[in-house]
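Undergrad: Predicted coordinates and the sequence they were generated for:
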Amino acid sequence: MDLAGLLAFNVVTGIATLVLITLGLGVIYGMMRIINLAHGEFMMLGAYTAVMASGAGVNIWVAMLVLPPLVVGLIGLVLERTVIRFLYGRMMDTMLATWGVSLGLIGLVTTLYGNVVRGVSTPVGSFDIGRYGASLYSLVIVAAALAALVGMFLLLRLTKFGLILRATMQNPRMAAALGVAPNRIYMATFALGAALAGLAGGVLAPISGVSPAMGAAYIARAFITVLGGGPAIITGTGLASGLFGTINELVSFKTTPVIGDVALLAAAILLIRVLPQGITGRYLRRSL
């Protein structure tokens with residue numbers, strides 16, 4: 001029973017982790033149709049923000065939860081204004097541009113901080129599940145993932161900005177005819193996606209090694225989950241993260257994390273083969 005409880009706890013944590021690393025990419029790729037290959041580097045910048053801020057004496061919770069989305073969101077806004085806005089509607093060009101941005105960010109951070117692994121101390125302790133120990137920080141990850149999902153749902157469903165954002169992404173010409181400035185909405189949407197990636201990096205910094213190349217560990221899983229979830233950002237991210245996170249954790253628990261990643265990839269290939277438009281492309285089409 002203790003082992004089953006630990007396994008269930010690990011599955012929930014794995015799902016929450018996948019939600020965090022995917023949500024920002026879901027906003028940028030799922031809504032804007034931009035293949036953002038710099039998503040992992042946005043997470044890396046969020047993690048470095050947490051490391052630098054906590055090292056400078058900033059409260060650890062502020063350093064992990066507040067500063068990373070603010071800093072990375074601002075960086076995303078600048079990149080959108082200087083690079084991305086000239087490439088809308090040109091998917092291959094945006095892919096190459098964001099790949100170049102990712103390489104530039106890796107080089108810049110390596111130059112500034114060196115190619116060494118840094119870390120942030122976990123701000124909470126552990127607890128016992130029967131005979132087994134588990135980290136309380138996993139509950140922080142779960143809470144952050146839930147807060148991000150619920151916050152995005154409320155933003156898109158209940159606010160004027162969310163209504164304008166969805167309308168602009170569906171029909172920018174009609175939105176412009178009604179007095180909306182699509183360029184400003186694109187700018188805000190890209191900055192929002194970058195901020196969510198920064199939040200993911202800040203939250204995951206205490207449990208992962210923070211280095212210039214850390215983004216490579218997340219980008220593949222993020223894209224797989226977004227494609228598997230389909231066009232509905234919130235529902236698709238939640239369902240795909242639940243499916244892939246459960247498979248990954250169960251297989252990893254029985255075998256090794258490497259085999260778990262292979263199982264996740266195999267499940268994604270099968271899902272996309274059966275549902276080419278993703279889960280919400282076939283089902284729950286009217287969901288967010």
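TA: Received the coordinates, thanks.

Undergrad: hey, let's count contacts and neighbours off CA atoms from now on
TA: Fine.

Undergrad: Buried residues, stretch 245-255. List them.
TA: Neighbour counts over stretch 245-255 (16 or more other CA atoms under 10 Å) mark 245-252 as buried.

Undergrad: Mind putting these into TSV with secondary structure, pLDDT and distance to Ser287?
TA: Shown next, in TSV, are those (DSSP: H, G, I helix; E, B strand; the rest coil; pLDDT from 0 to 100; distance: CA to CA, whole Å):
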residue	secondary structure	pLDDT	distance to Ser287
Gly245	helix	91	21
Thr246	helix	91	22
Ile247	helix	92	24
Asn248	helix	91	26
Glu249	helix	89	27
Leu250	helix	90	28
Val251	helix	91	30
Ser252	helix	89	31
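
Undergrad: Run a quick neighbour tally on Val226.
TA: 27 (other CA atoms under 10 Å).

Undergrad: gap between the closest residue to Val101 other than its chain neighbours and Phe9?
TA: Leaving aside its sequence neighbours, Val101 sits nearest to Ala38 (CA to CA, 6 or more residues apart in numbering; 6.3 Å). According to CA to CA, to the nearest Å, Ala38 and Phe9 sit 31 Å apart.

Undergrad: low-scoring pLDDT stretches of this structure, where are they?
TA: Residues of the chain meeting the criterion pLDDT under 70: 1, 128, 130, 132-133.

Undergrad: Can you show me the strands along it?
TA: 126-129, 132-135 (DSSP state E).

Undergrad: which ones are touching the residue nearest to Leu199 when sequence neighbours are not counted?
TA: Using CA to CA, 6+ apart and skipping the chain neighbours, the partner closest in space to Leu199 is Pro69 (4.8 Å). Listed by CA atoms under 8 Å, 6 or more residues apart in numbering, the contact set of Pro69 reads 46, 194-199.

Undergrad: a markdown table please, covering those residues and showing neighbour count.
TA: Below are these laid out as a markdown table (neighbours: other CA atoms under 10 Å):
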| residue | neighbour count |
| --- | --- |
| Gly46 | 34 |
| Ala194 | 35 |
| Ala195 | 28 |
| Leu196 | 30 |
| Ala197 | 32 |
| Gly198 | 39 |
| Leu199 | 35 |
